[in-house]
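Trainee: Sharing a model prediction with you, sequence too.
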Amino acid sequence: MVTIMKRKDCIVQREPKKELDNRCIACNGSGKYDHNGSPKCDACNGTGRKMIMTLDEDTVADVAEFLETLRRSGETNMMGAGPYLKEEFGFDKYEARDYLLNWMTNYGK
Ligand SMILES: [Zn+2]
């Protein structure tokens, strides 16, 4: 006997993505200028995400300390520090980018 699974049983319910709050204002999250698929949205570099998220102050401090240690270690060019942040702090790639950019922007000030 063959049991045919109803289609609705196959659908996995997914939580709405919380990063919708971080949608790029310029392209409304599409990452594109128009519906033809090009060019990439400048404001978010095609990611559909705001370039700057609200950064947590305590985390910013921790990230700064971590990045300073990393910089001194000479292990990586700081442009390549994103993956280290992802691993150390559990960021997604956007968070890693934003915290890294924030640190580089403020470095030495
Ligand atoms: Zn955009």
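Mentor: Perfect, I can see it now. Numbers count the residues shown, from 1 in each chain.

Trainee: the helices in this protein, which residues?
Mentor: 7-10, 57-73, 82-89, 93-106 (DSSP state H).

Trainee: What parts of the chain come near the ion?
Mentor: The chain comes close to the ion at residues Cys24, Ala26, Cys27, Cys41, Ala43, Cys44, as judged by C-beta under 5 Å from the ion. From N, CA and C alone the C-beta is placed, and that goes for glycine too.

Trainee: again, only this time at 6 Å
Mentor: Cys24, Ala26, Cys27, Gly31, Cys41, Ala43, Cys44, Gly48 (C-beta under 6 Å from the ion).

Trainee: Closest one to Phe66 out of those, please.
Mentor: Nearest to Phe66 out of the residues of the chain next to the ion is Cys44 (C-beta to C-beta; 25.5 Å).

Trainee: can you tell me which residues contact the closest residue to the closest one other than its chain neighbours?
Mentor: Nearest residue to Cys44, sequence neighbours excluded (C-beta to C-beta, 6 or more residues apart in numbering): Cys24, at 3.6 Å. Each residue near Cys24 by C-beta atoms under 8 Å, 6 or more residues apart in numbering is listed here: Gly31, Cys41, Ala43, Cys44, Thr47, Gly48, Arg49, Lys50, Met51.
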